[in-house]
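*Asks:* got a predicted structure plus its sequence, pasted below:
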Amino acid sequence: MTGLRVMGMKWLGVKRRVPRPQPSLPKSGEQRAEVRPPELPAQLLRRLEFKIVRRLDGFLFGDYRGLFYGPSLDLAEVREYQPGDEVRRIDWNVTARSGRLHVRQYQEERELTTWLLVDTSSSMNFGTRRSLKSELAREFAGVASLIVTRHGDRLGAITFGAAAGMAPPRHGRAQALSVLKLLSTPAQPHLDANERPSLAAALTNAGHLMRRRSLVFVISDFLEEVPSGGGGWTGVLGRLAQRHDVVAVRISDPVERALPDVGGLRVRDPETGEELWLDTSDPQVRAAHARLVGERDTALRRALQAARIDLLELTTERDPVGPLLRFAASRRGRRA
């Protein structure tokens, strides 16, 4: 299975390059990611607008403060109440002192710059359900781009991994299209794994580019090892979160998290090219992999919590509407 990065493969008693037939995944009755030509950016933008953003509008009534404007951005001012203002924004202390209704207005309600940092590593070109991880990352980036630019805010993007590039922050629907074009850039095969921009390098670069407080979505499968002690990319991410509102968007596939019991399986690491043979019918192999996945999850969550970074989980099993709604409700609840 090309593209699957099995965590801790060297610890699972596997053998190298055994030429056995590769089983079909997923099992009968489950939805499989189809091999299809990539959508053109304009086509993808139209599909997302009609099938995703309109559904979100129906649930959120156009109020994306919980989703894109979280609890950590700055209070800009307190002003007098105007018809149409939300009751929950009333500042009762100021109202009591002045005798007139006043509401809190936050910095992002004036103008916000949103950055998308998107992982284009080879491990993102994997999926066994409705889409590849890279396709789901493009979907989320497209949805975010549509919503941010529709509300008149600026949008910028940085890609890192197999393809690296940048779209400087700008306004308008044309910028949303530019971001999707950037995410459609082919991989740079002349760069070996050591020359490709890492997550830590991308975060460092982003910190230098962001001159004002911004909303930052880091979109990745986060399969890089989580360093201990707050070093490496987690340390850079934490420093970025001290100045900006950072959201980690983790893209995953079910097969990465739980090895299926399908017998012998050859897997190829897309980053290193290493090929290994797994006996997935062995309960000890599956249990060892599950333990490693759990340990990595725990390390990632602890690192994000220490930096006060929200985590949005997306899976190739389903479209992003449900997770986005739950995430919006969580952020909105803390903001109220």
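*Replies:* Nice, I can see it.
*Asks:* quick one: Ser184 and Thr315, what's the gap?
*Replies:* Between Ser184 and Thr315 the computed distance is 22 Å (C-beta to C-beta, to the nearest Å). From N, CA and C alone the C-beta is placed, and that goes for glycine too.
*Asks:* now Gly205: which helix or strand?
*Replies:* Actually, residue 205 is Asn. It isn't Gly. Element membership of Asn205, judged by DSSP states H and E, is helix 199-209.
*Asks:* send the alpha carbons of the helix or strand following that helix over as PDB?
*Replies:* The first helix or strand that comes after helix 199-209 along the chain, using DSSP H and E, is strand 215-220. Output of strand 215-220 as PDB, limited to C-alpha atoms (Å, rounded to 0.1, in the frame of the first residue of the first chain):
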ATOM      1  CA  LEU A 215      -5.700  33.800  12.600                       C
ATOM      2  CA  VAL A 216      -3.500  30.800  11.500                       C
ATOM      3  CA  PHE A 217      -4.700  27.400  10.400                       C
ATOM      4  CA  VAL A 218      -2.000  24.800  10.300                       C
ATOM      5  CA  ILE A 219      -3.300  22.000   8.100                       C
ATOM      6  CA  SER A 220      -1.300  18.700   8.300                       C
END
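*Asks:* any chance you could list what contacts strand 215-220?
*Replies:* Here strand 215-220 makes contact (C-beta atoms under 8 Å, 6 or more residues apart in numbering) with 68-70, 73, 108, 112-119, 121, 124, 137, 140-141, 144, 199, 203, 206, 210, 237, 240, 244-251.
*Asks:* quick revisit: Ser184 and Thr315: which has the busier surroundings?
*Replies:* The neighbour count for Ser184 versus Thr315, taken as other C-beta atoms under 10 Å, is higher for Thr315 (22 against 14).
*Asks:* wait, what's in contact with the closest residue to the more buried one other than its chain neighbours?
*Replies:* Distance criterion C-beta to C-beta, 6 or more residues apart in numbering; nearest residue to Thr315, sequence neighbours excluded, is Ser252 at 5.5 Å. For Ser252, the contacting residues are Lys133, Asp221, Glu313, Leu314, Thr315, Thr316, by C-beta under 8 Å, 6+ apart.
*Asks:* show the backbone phi and psi for Ser252.
*Replies:* In terms of degrees, to the nearest 10, the main-chain angles of Ser252 are phi -140, psi 160.
*Asks:* i'd like the first residue to be 43 from this point on
*Replies:* Got it, first residue is 43 now, which makes that one Ser294.
*Asks:* and what about the nearest residue in space to Pro296 that is not next to it in sequence, helix, strand or coil?
*Replies:* Closest residue to Pro296 apart from its sequence neighbours, by C-beta to C-beta, 6+ apart: Glu359 at 6.0 Å. When classified by DSSP: H, G, I helix; E, B strand; the rest coil, Glu359 comes out as coil.
*Asks:* my read is that Glu359 contacts Arg299, right?
*Replies:* No - the criterion here is C-beta atoms under 8 Å, and Glu359 misses it with Arg299 at 10.6 Å.
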